[in-house]
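In: My questions concern the predicted model and sequence given below.
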Amino acid sequence: MKICILPQANSRPSGVFLLGLALLTSGLVALAQPQAVTVMKNFQWTDFYDPPHERQLRWLLKGAEARPRPGGEIAVQRVTLEKFLETGTRELLVELPECGFDPTTREASSPGSLRMHFQEGRFALEGEGFWWQHTNTLLVISNRVRTTIRGGWFASQAAAPGLGDAQVLADRFSFTGQTTQAVYRGHVRVTGTNLALASGRLSFLLPTTGAGSVDKLTAEEDVTIDFGDLRASGRRAVYEPSAGSLRLAGGATWQAQGREGGGDELQLDGATRSLNVSGNAVLTLPLGDAEFIPHRGSASAAFPNTTNRVVTVTSARYNLQTNLVSFSGGVRAVERAAEEVRSRLAADALFATFGPSNQLQTLVAERDVVIEQGERRLSGAHATCDGATGGMELTGNPEWRDGERFGQGELLLANLRREEFVVRGNASLSLPHTQADRMFGALLGSATNRADKPAQTNTASPVPLTRITSDEYSFAPEAVAFRGHVRVDDARMQLTTDALALKLAPGGTNVVSVIADQNVVMSLVETNGQTNLVTCERAVYTAESVVLALTGTPLLRQLTGTTSNSFAAEVILLNLATGEVRAERGIRISVSVPGGAATNAPARLFEAKPARRKK
């Protein structure tokens, strides 16, 4: 006998009651005719919402036919399982050839294949192995899960089939109706417009009403993502399609357009196309034939081999846009050519803009700024750099050091390509003690400054220093000039003047000449203990002849023990190597010996002959 029981049109019997009545009737018939096979055609099991929607179906399980199994389970053929919203709209449809249904536990299962449609086909799913639990509104697919999301993650695209569809492949799938959470596990692969993802687990929330957008996707366990031109990896990722943002945490790394980096967490803002990285943040930029911090000469001359040239910046966090990056918190930048360190930079905050091939355009460093290139070191509270010109400006008690030479002031202007420096405001320059027969010989730099040798940070020198102060000074490879209230303090020389200029040989190998202009007052101590006191308007020292020429009403007074010699003339020449004095025109000489009379016969005095004029 075949029995089919359906609810009356105006009644609301429960699914359990209908099913129990069908089984009871079938059982009575079976007792009367044991040889008959119980088959139920057009099987239905229903579940309704609670009041006030008690007439609205929530779940409907249907089958073309059903057969009882031992233990109370029912084998249902050609099955459909549907879930409806309170409005009557169908939300979920599952289709499968057969399943086993337990009316007591309200569970259904099947090892076979199935198809599932959610939101009228916007989400289409296929797989093998099915288990459904009504109590917790839980649906599980255990093998070979394949999902197509029509229109991708956005509801606005769902009306155009095939346009921007997203695909999800996984070993297993589960859906919880109470939370509308979909979870994929095992070898998860996601493809879609601008997004490809692989992970061990993926979950997202399905819209609760209508064909809405997916709220967010959460991927975990060995996550790798291709998002536009960004490739990233980490332990956990959250993608919010509506905001176009991606967050990745847990040892996150990324690569894009030849650049790469990482940190504890990264976030990509799709609207602004900016990347935020925080926690142990690292950024590496390939430089090619460009440079991060300007160097001596051109970039190609500094680095003839453009391979493996990069700058690596570490910080607490950074924000990267197409041609702009800002760092904050313990910023450290190291520029390398192959394995050789070319430059170092430290600051609390750093902002940089780039042109093609990561060529630096502008750089701004804030707070506790230190820049090092070999033995050269620049520091200050604020630094700006123009990548096109190589010009750099430092303020906030700026200081510079090159080997044993160092200086400071209120403003430091530097052109690192041309090796030019300007220091303004309470400017000072300190040098190692000069040679006995060479003025300012310590201005010479080391012939070979190793770039990987760290700059000295201790301003204290083990040798005596020559210190020069002025309102400002400029330092170039072949010239040094001091202006305004110039003062030189040395163990063997003190000098004050309005301006002081030094000329260096090509390449800066030695001092060629020294010129002091206006209000010159000088004290020189020779190796024999004699002191030369000089006043004049102009003093010129020539290194080749080791002669100091004094003009502009010069006066030279020599003190040796208790003897005092004074020379006045239009021109006075003092040989610093021999101590000889030559005078020219208007010579006036006096010698003073304590207890004796003054004489006009000074020792080592020669009258300088006027130079012949060329015909």
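Out: In hand now; what should we look at?

In: Show me how this protein divides into domains.
Out: 1-104, 526-615 (automatic domain parsing).

In: what is the mean pLDDT for the first one?
Out: Yep, that's domain 1-104 we're talking about. Confidence over domain 1-104 (mean pLDDT, whole number) is 73.

In: Mean confidence (pLDDT) on the helix or strand harbouring residue 384, please.
Out: Using DSSP states H and E, residue 384 sits in strand 376-386. For strand 376-386, mean pLDDT is 94.

In: got the buried residues for it?
Out: 376, 377, 378, 379, 380, 381, 382, 383, 384, 385 (16 or more other Cβ atoms under 10 Å). To be clear about C-beta, it is placed using only N, CA and C from the backbone, and glycine gets the same treatment.

In: What lies in contact with that strand?
Out: 293-294, 347, 360-372, 391-402, 412, 414, 449, 455-457 (Cβ atoms under 8 Å, 6 or more residues apart in numbering).

In: For the stretch 451-600 of the chain, just list every one of the strands.
Out: 465-476, 479-489, 493-504, 511-525, 531-542, 547-551, 555-560, 563-568, 571-575, 581-584, 588-592 (DSSP state E, counting those that start in this stretch).

In: so what strands line up beside the third one?
Out: Pointing back at strand 493-504 there. Counting by DSSP bridges, the strands paired with strand 493-504 are strand 479-489 (antiparallel), strand 511-525 (antiparallel).

In: and stretch 248-258, how far out from the chain's middle?
Out: Computed by Cα atoms, centre = their mean, to the nearest Å, the chain-centroid distance of stretch 248-258 equals 12 Å.

In: With stretch 396-407 instead?
Out: Its chain's average C-alpha position is 28 Å from that of stretch 396-407, according to Cα atoms, centre = their mean.

In: Now that stretch - C-alpha only, PDB.
Out: Once non-C-alpha atoms are left out, stretch 396-407 reads as follows in PDB (Å, rounded to 0.1, in the frame of the first residue of the first chain):
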ATOM      1  CA  GLY A 396      67.400  72.200  15.300                       C
ATOM      2  CA  ASN A 397      71.000  72.400  16.600                       C
ATOM      3  CA  PRO A 398      72.400  70.700  13.400                       C
ATOM      4  CA  GLU A 399      75.900  69.100  13.500                       C
ATOM      5  CA  TRP A 400      78.200  67.600  11.000                       C
ATOM      6  CA  ARG A 401      81.200  65.300  11.200                       C
ATOM      7  CA  ASP A 402      83.700  64.100   8.600                       C
ATOM      8  CA  GLY A 403      86.400  61.900  10.200                       C
ATOM      9  CA  GLU A 404      87.900  64.000  13.000                       C
ATOM     10  CA  ARG A 405      86.500  67.300  11.700                       C
ATOM     11  CA  PHE A 406      83.100  68.400  13.000                       C
ATOM     12  CA  GLY A 407      81.000  71.500  13.200                       C
END
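
In: Torsion angles phi and psi at residue 151?
Out: Backbone geometry at residue 151, expressed as degrees, to the nearest 10, gives phi 80, psi 10.

In: What ranges in the protein fall below the confidence cut-off?
Out: Applying pLDDT under 70 to the chain flags the ranges 1-37, 154-163, 208-213, 297-307, 433-464, 507-509, 592-615.

In: quick one, helices of it?
Out: Using DSSP state H, the helices of the chain run over 15-32, 299-302.

In: The spatially closest residue to residue 366 that is not a sequence neighbour - how many residues pack around it?
Out: The shortest distance from residue 366 to any non-neighbouring residue, by Cβ to Cβ, 6 or more residues apart in numbering, is to residue 349 (4.1 Å). A count of neighbours around residue 349, defined by other Cβ atoms under 10 Å, yields 19.

In: likewise residue 342?
Out: As a measure of burial, residue 342 has 23 neighbours, counting by other Cβ under 10 Å.

In: Against residue 310, how distant is the residue lying closest to it once chain neighbours are set aside?
Out: In space, and not counting its chain neighbours, residue 342 is closest to residue 335: 4.8 Å by Cβ to Cβ, 6+ apart. Distance, residue 335 to residue 310, by Cβ to Cβ, to the nearest Å: 8 Å.

In: Could you do residue 70 as well?
Out: Counting by Cβ to Cβ - residue 70 and residue 310 are separated by 72 Å.

In: try residue 396
Out: In terms of Cβ to Cβ, residue 396 sits 29 Å off from residue 310.

In: before we move on, the earlier item: looking at residue 70 and residue 310, which one has more neighbours?
Out: More neighbours surround residue 310 than the other of residue 70 and residue 310, with 19 against 5 (other Cβ under 10 Å).

In: partners of residue 483 in the sheet?
Out: Beta bridges link residue 483 to residue 472, residue 499, judged by DSSP bridges.

In: tally of neighbours for the residue nearest to residue 75 when sequence neighbours are not counted?
Out: Excluding its sequence neighbours, the residue lying closest to residue 75 (Cβ to Cβ, 6+ apart) is residue 67, at 4.7 Å. Using other Cβ under 10 Å, residue 67 has 16 neighbouring residues.

In: So residue 67 is in contact with residue 73, correct?
Out: No: at 9.8 Å, residue 67 does not count as touching residue 73 under the criterion of Cβ atoms under 8 Å.

In: ok, back up a step: same list (the strands of the stretch 451-600 of the chain) but as CSV, adding distance to residue 248.
Out: As requested, the strands of the stretch 451-600 of the chain are exported to CSV (distance: least, Cβ to Cβ, whole Å):
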stretch, distance to residue 248
strand 465-476, 48
strand 479-489, 53
strand 493-504, 55
strand 511-525, 59
strand 531-542, 66
strand 547-551, 70
strand 555-560, 77
strand 563-568, 82
strand 571-575, 74
strand 581-584, 80
strand 588-592, 87
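
In: Relative to residue 52, which of those is closest?
Out: strand 465-476 (86.9 Å; Cβ to Cβ).

In: Identify the residues contacting that closest one?
Out: For strand 465-476, using Cβ under 8 Å, 6+ apart, the contacting residues are 407, 409, 418-434, 440, 442, 480-490, 493, 500.

In: Going through those, which ones are buried?
Out: Neighbour counting over these (16+ other Cβ under 10 Å) leaves 407, 409, 419-424, 427-432, 434, 440, 442, 480-483, 485-488, 490, 493, 500 as the buried ones.

In: quick one on the thing from earlier: select, out of the strands of the stretch 451-600 of the chain, the one closest to residue 188.
Out: Here strand 465-476 is closest among the strands of the stretch 451-600 of the chain (Cβ to Cβ), at 62.4 Å.

In: check contacts around the residue nearest to residue 75.
Out: 37, 38, 39, 40, 74, 75.

In: if we go to 7 Å?
Out: Residue 67 sits next to 38, 39, 74, 75 when contact means Cβ atoms under 7 Å, 6 or more residues apart in numbering.

In: go on, residue 569?
Out: Residue 569 touches 554, 583, 584, 585, 586, 587, 588, counting by Cβ under 7 Å, 6+ apart.

In: Max pairwise distance over these: which two?
Out: Pairwise distances across the contacts of residue 569 peak at 12.3 Å for 584 and 588 (criterion: Cβ to Cβ).

In: More neighbours: which of the two?
Out: It is residue 584, of residue 584 and residue 588, that has more neighbours when counted by other Cβ under 10 Å, with 17 against 11.
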